[in-house]
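>>> got a predicted structure plus its sequence, pasted below:
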Amino acid sequence: MSVLICKNIETEGPGTIGDFLNEKNITCTVLELSKSADIPDAADFDTLLMMGGPMSVNEDDIYPYIKKEESLVRDFIARDKRVLGVCLGAQIMAKALGSRVYKGAEQEIGWYDIDITEEGLRDNLIARLATHPQKGDIWRKFKVFHWHGETFDIPNGAVRMASSALYPNQAFRYGKNAYAFQFHIEVQKAMVFEWLKNEAVDLDKIKAETEELYNVYNARAYKFYELFFQTV
């Protein structure tokens, strides 16, 4: 197995996804796109991961590599390979599949609930994410970490997997192997504190919630990774 990871900005890396890949000795190549990394041939990889970033997917005139990521999405999906987009990566997926990406009503920053849809509950990977790692039961509603101000329409042919009060489209699946998450499944505890240290948020509240919620959240993410990287 070989995984291609696209970083849109240096500070937003694969986080716990990278930790998982290292633990499982899964080969990965990380592209620092903000440093003009060359885009390799999709044929050399079976999985594409696209991470977050503060820029807009609609700023591809400023960040021309976004168009290259869109092309990668279409290429990997056409080859029926695994794709996972997180935050900006999810928005890139949506745009690559023909959907609109636009500013949300307000920013969603911190730990907020998502609601898993009926289709999400029937999806084996999303059900793994929704299963409480200690209690073993499926939670239709649980808290995830958000940091975004834009949203997307669900692409034609895709299935909505999750929603939130502020952002109805939090996750979708396209085909069998392509998943898009508006929220940050990959976040490490240190990343939360680093990202938000200069933001106009209640950092003490978010730190307290992070200490309370993180271990279970991380375990949920690992359950998703275990099945996602077995697929195909």
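Nice, I can see it.

>>> buried ones in the lengthiest strand in the chain, by neighbour count?
Longest strand of the chain, by residue count under DSSP state E: strand 101-116. Using 16 or more other C-beta atoms under 10 Å as the test for burial, strand 101-116 gives 101, 104, 107, 108, 109, 110, 111, 112, 113, 114, 116. C-beta coordinates here come from the backbone N, C-alpha and C atoms, glycine included.

>>> and the furthest pair within those?
Spatial extent of the buried residues of strand 101-116 (C-beta to C-beta) is set by the pair 101 and 111 at 23.8 Å.

>>> show me where the protein has helices.
Ranges of helices within the chain are 15-23, 65-78, 88-96, 118-121, 124-130, 189-196, 203-228, based on DSSP state H.

>>> so what's the model's average confidence on stretch 209-226?
Averaging pLDDT along stretch 209-226 gives 97.

>>> go ahead and confirm residue 85 touches residue 182.
No: in this structure residue 85 lies outside contact range of residue 182 using C-beta atoms under 8 Å: 9.2 Å.

>>> ok, residue 82 - contacts?
By C-beta atoms under 8 Å, 6 or more residues apart in numbering, residue 82 lies in contact with 46, 47, 48, 76, 177, 178, 228, 229, 231, 232.

>>> which of those tops the neighbour count?
residue 48 (25 neighbours; other C-beta atoms under 10 Å).

>>> how near is that one to residue 32?
With distances taken as C-beta to C-beta, to the nearest Å, residue 48 is found 16 Å from residue 32.

>>> do the same with residue 74
Residue 74 is 22 Å from residue 32, by C-beta to C-beta.

>>> any idea how many residues pack against residue 80?
Using other C-beta under 10 Å, residue 80 has 12 other residues around it.

>>> what's the pLDDT at the nearest residue to it once chain neighbours are set aside?
Once flanking residues are discounted, residue 80 sits nearest to residue 177: 6.4 Å by C-beta to C-beta, 6 or more residues apart in numbering. As predicted, residue 177 sits at a pLDDT of 95.
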